[in-house]
Structures are given as structure tokens and as C-alpha cells.
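*Asks:* just a sequence and a predicted model for now, questions to come.
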Amino acid sequence: MRWNRQKSNLEELMVEILKKKKKPLTLVEVVEQISKTSPEAFTGKTPSKSLYSIIYRREKLRIEKGQQPVFLKDTEQKETLYSLNPTAS
């Protein structure tokens, strides 16, 4: 997958997965689903850490620009669950 500063294909894939599942998922679960649909999406040894890095940087940039974050994080039993933010456009 090619790297693009303006949009993230992995972020778009994560949004699609969360829309389909309609429930919060961990990054490991999201990576498993992305790998099933797009096996070429990840090239590194630690795909969940790569996805976390992308999500973290893009959400931080959105907040700095005064926009709503796309993802909501919730911690349950020491696991971070990600879901879509219903207020984000």
C-alpha cells in the first residue's frame, strides 16, 4: 500500500470494519479483519503498532485543528476498544 500524507488507507479500512461490526473492537481485532480483506495492507512485523501509530497521529492532528476525532477509545479490562465517533463528520 502506498503512503499518502493527506489520507490514510488503513484508517479508511478501519472505519469500514467498525461500520460493519457495529461494536467496539481492539486494534488486534481490527488488524485481523483488515488482513482478511486486504492482505497487502500491512508490510511490517507489528501491524497493530503500525495502525496505532497512524491513528494516534491523525487523531492528534484533528484535535489540534479543532475537529472532532473519528474514533472513540474506551478501556475495558485493560484492553482499549475503538469505535466510531457518531458526532464526527
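*Replies:* Yep, it's here. Numbers count the residues shown, from 1 in each chain.

*Asks:* just the buried residues of the helix or strand bottoming out on mean pLDDT in the chain, please?
*Replies:* Lowest on mean pLDDT, DSSP states H and E among the helices and strands of the chain sits helix 9-21, with a mean of 86. Residues 10-11, 13-14, 17-18 are the ones in helix 9-21 that count as buried (16 or more other C-beta atoms under 10 Å). Every C-beta, even on glycine, is put in place using the N, C-alpha and C of the backbone.

*Asks:* with respect to residue 27, which of those residues is nearest?
*Replies:* residue 14 (8.7 Å; C-beta to C-beta).

*Asks:* you'd agree that closest one is up against residue 52?
*Replies:* No - taking C-beta atoms under 8 Å as the definition, residue 14 is not a contact partner of residue 52, at 10.6 Å.

*Asks:* and the longest helix for the chain?
*Replies:* Counting by DSSP state H, the longest helix found in the chain is helix 47-64.

*Asks:* right, and the helix or strand after that one?
*Replies:* Counting by DSSP states H and E, the next helix or strand C-terminal to helix 47-64 is strand 71-76.

*Asks:* that following strand vs helix 47-64, what angle?
*Replies:* Here the directions of strand 71-76 and helix 47-64 differ by 120 degrees (axes from the mean of the first three to the mean of the last three C-alpha atoms, to 10 degrees).

*Asks:* residues in contact with strand 71-76?
*Replies:* For strand 71-76, contacts defined as C-beta atoms under 8 Å, 6 or more residues apart in numbering pick out 14, 18, 24, 55, 59, 80-85.
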